[in-house]
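[1] dropping the sequence and predicted coords here.
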Amino acid sequence: MTSEINLLSTESYDYDLPKELIAQTPISDRSSSRLLVLDRKTGKMEDEHFYNIINYLNPGDTLVLNDSKVMPARLIGEKEDTHGHIEFLLLKNTKDNDWEVLAKPARHLHPGTEVSFGNGILRARVNDYLGEGRFLVTFSYQGVFLEILDQLGEMPLPPYIKEKLSDKDRYQTVYAKNWGSAAAPTAGLHWTKELLQKVSEKGINVAYLTLHVGLGTFRPVNSDNVKEHHMHSEYYILDEKTASLINETQKNGKRIIANGTTVVRTLETIAHNNDGKIVSTNGYTDIFIYPGFKWEAVDALITNFHLPKSTLVMLVSSFASRDQILAAYEHAIEKKYRFFSFGDAMFIE
């Protein structure tokens with residue numbers, strides 16, 4: 001007799017992934033990535049290509065996309081006193097020129113340390129240590145901060161991607177609009193403008209919200225018990241137009257299709273804070289979705305394949321079931337799908 005799976009055990013969300021299936025570069029045609037379609041009701045799986053996703057969306061459905069834009073947020077500089085190498089990853093703009101950053105190496109940084117980037121084009125003064133390698137700093141510069149960042153910064157690719165990105169735009173969605181993310185909402189990387197046009201022509205609504213992706217979403221779960229993991233907060237904005245469209249869609253009995261876990265986190269946060277209703281609002285969310293969660297807003301989900309034992313595997317295991325997700329991942333490994341940020345996609349309905 002087999003023992004019952006403990007859905008609150010981090011180990012329950014582990015799986016073995018051959019390293020060669022971790023996608024190192026984006027494919028040339030975004031929409032040609034593969035698509036694994038999973039029916040939650042039956043457990044049935046289909047192997048598809050992303051450009052055929054339109055066959056699984058129905059007129060009157062609303063597809064919700066995250067239009068946050070990734071900042072070239074990785075800055076490489078030196079400490080002005082010792083000229084020691086230092087790397088900053090911008091996490092959050094707290095006010096004016098004050099930022100929360102992740103520093104590497106963090107060991108010898110302390111309040112008062114001055115750091116220079118691009119031979120002094122950009123300077124930073126360390127104000128406070130926040131723990132876990134994070135600091136509060138104030139930047140000083142001449143000109144426009146985002147233009148300087150575009151000049152000096154690199155895209156903050158995840159550590160499992162070893163290849164250098166030749167084109168910065170390939171780590172942006174084609175509809176990216178609002179600067180602020182430290183990582184891409186990667187489920188959106190498969191869309192082309194042409195495919196979105198076809199979606200609209202079929203009578204499917206396309207709506208946008210903004211959630212600025214922080215590193216909290218990707219932090220490993222180090223606790224044995226899922227409930228003991230703490231999620232960092234991320235800032236979101238949802239406007240009146242999108243709120244009205246979602247409420248109208250639900251009223252008509254049609255589906256809300258979340259493109260990515262960032263959209264899920266935003267919609268479910270708002271629904272849970274407003275008795276199941278979607279309203280125009282903004283704020284921070286540290287919502288943690290794992291099996292046992294009561295879903296209120298999302299009916300279908302487009303997502304990439306996620307890291308073992310990650311909060312994102314737990315989220316999709318809540319939307320379908322742990323057994324269905326791990327079976328789908330096993331199928332994807334067998335069929336040699338590409339995994340993680342530049343990898344292939346799933347459609348879970």
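    Done, it's in.
[2] any regions of the stretch 151-300 of the chain where pLDDT drops low?
    216-218 (pLDDT under 70).
[3] recalculate using a threshold of 80.
    215-220 (pLDDT under 80).
[4] look up the closest residue to T25, ignoring the ones flanking it.
    Nearest residue to T25, sequence neighbours excluded (Cβ to Cβ, 6 or more residues apart in numbering): E163, at 5.3 Å. For every residue, glycine as well, the C-beta is placed using N, CA and C.
[5] now do the SS call for the one you found.
    Three-state call for E163 (DSSP: H, G, I helix; E, B strand; the rest coil): coil.
[6] that one is in contact with P26, isn't it?
    No: when contacts are counted by Cβ atoms under 8 Å, E163 is not listed as touching P26 (10.0 Å).
[7] who's more crowded, these two?
    Taking neighbours as other Cβ atoms under 10 Å, E163 and P26 compare with P26 leading, 22 against 11.
[8] distance check, that one against S68.
    18 Å (Cβ to Cβ, to the nearest Å).
[9] please enumerate the strands of the stretch 51-200 of the chain.
    All strands of the stretch 51-200 of the chain, identified by DSSP state E, counting those that start in this stretch, fall at 62-66, 68-70, 74-79, 85-95, 98-104, 114-117, 122-131, 134-141, 178-181.
[10] alpha carbons of the fourth one, in PDB - could you do that?
    Looking back up the chat, that one is strand 85-95. Extracted in PDB, the C-alpha atoms of strand 85-95 (Å, rounded to 0.1, in the frame of the first residue of the first chain):
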ATOM      1  CA  HIS A  85      33.800  44.200  -8.800                       C
ATOM      2  CA  ILE A  86      30.200  44.500  -7.800                       C
ATOM      3  CA  GLU A  87      26.900  43.600  -9.500                       C
ATOM      4  CA  PHE A  88      23.500  45.100  -8.800                       C
ATOM      5  CA  LEU A  89      20.100  43.700  -9.800                       C
ATOM      6  CA  LEU A  90      17.400  46.300  -9.600                       C
ATOM      7  CA  LEU A  91      14.400  44.900  -7.800                       C
ATOM      8  CA  LYS A  92      12.100  47.700  -6.800                       C
ATOM      9  CA  ASN A  93      11.900  51.500  -7.100                       C
ATOM     10  CA  THR A  94      10.900  52.500  -3.600                       C
ATOM     11  CA  LYS A  95      10.700  56.300  -4.300                       C
END
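[11] elements contacting that strand?
    Counting contacts by 3 or more Cβ pairs under 8 Å, 6 or more residues apart in numbering; DSSP states H and E, strand 85-95 packs against strand 74-79, strand 98-104, strand 114-117, strand 134-141.
[12] so which of the ones you listed comes closest to S280?
    Comparing these against S280 with Cβ to Cβ, the closest turns out to be strand 98-104 (26.7 Å).
[13] state the mean pLDDT of the closest one.
    What strand 98-104 shows for mean pLDDT is 95.
[14] which residues touch that strand?
    Contact with strand 98-104 is made by 86-94, 109, 124, 127, 130, 133-139, 215, as judged by Cβ atoms under 8 Å, 6 or more residues apart in numbering.
[15] try stretch 131-146
    71, 88, 91, 94, 97-104, 106, 109, 115, 121-130, 148, 179.
[16] mind saving the C-alpha coords of it as PDB?
    Only the C-alpha atoms of stretch 131-146 are listed here, as PDB (Å, rounded to 0.1, in the frame of the first residue of the first chain):
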ATOM      1  CA  GLY A 131      18.800  40.900   4.400                       C
ATOM      2  CA  GLU A 132      19.300  38.000   1.900                       C
ATOM      3  CA  GLY A 133      21.700  40.100  -0.200                       C
ATOM      4  CA  ARG A 134      19.300  43.000  -0.700                       C
ATOM      5  CA  PHE A 135      20.100  46.700  -0.100                       C
ATOM      6  CA  LEU A 136      18.500  50.100  -0.300                       C
ATOM      7  CA  VAL A 137      20.500  52.400  -2.500                       C
ATOM      8  CA  THR A 138      20.200  55.900  -3.900                       C
ATOM      9  CA  PHE A 139      21.300  56.500  -7.500                       C
ATOM     10  CA  SER A 140      22.800  59.800  -8.800                       C
ATOM     11  CA  TYR A 141      23.200  60.600 -12.500                       C
ATOM     12  CA  GLN A 142      22.800  63.300 -15.200                       C
ATOM     13  CA  GLY A 143      19.900  62.800 -17.700                       C
ATOM     14  CA  VAL A 144      17.100  60.200 -17.900                       C
ATOM     15  CA  PHE A 145      17.500  57.100 -15.600                       C
ATOM     16  CA  LEU A 146      15.900  54.700 -18.100                       C
END
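[17] what residue, apart from its backbone neighbours, is nearest V316 spatially?
    Of all residues apart from its sequence neighbours, I325 sits closest to V316 (Cβ to Cβ, 6+ apart), at 5.3 Å.
[18] which SSE is the one you found in?
    helix 322-334 (DSSP states H and E).
[19] coming back round to it: the residue nearest to V316 contacts L312, correct?
    No: when contacts are counted by Cβ under 8 Å, I325 is not listed as touching L312 (10.5 Å).
[20] those two - which one has more neighbours?
    I325 (26 against 21).
[21] show the contacting residues for that one.
    Counted by Cβ under 8 Å, 6+ apart, I325 has contacts 313, 316-317.
[22] selecting buried members of those in ChimeraX, what would you type?
    The ChimeraX command for the buried members of the contacts of I325 (criterion: 16 or more other Cβ atoms under 10 Å) is given here:
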select :313,316,317
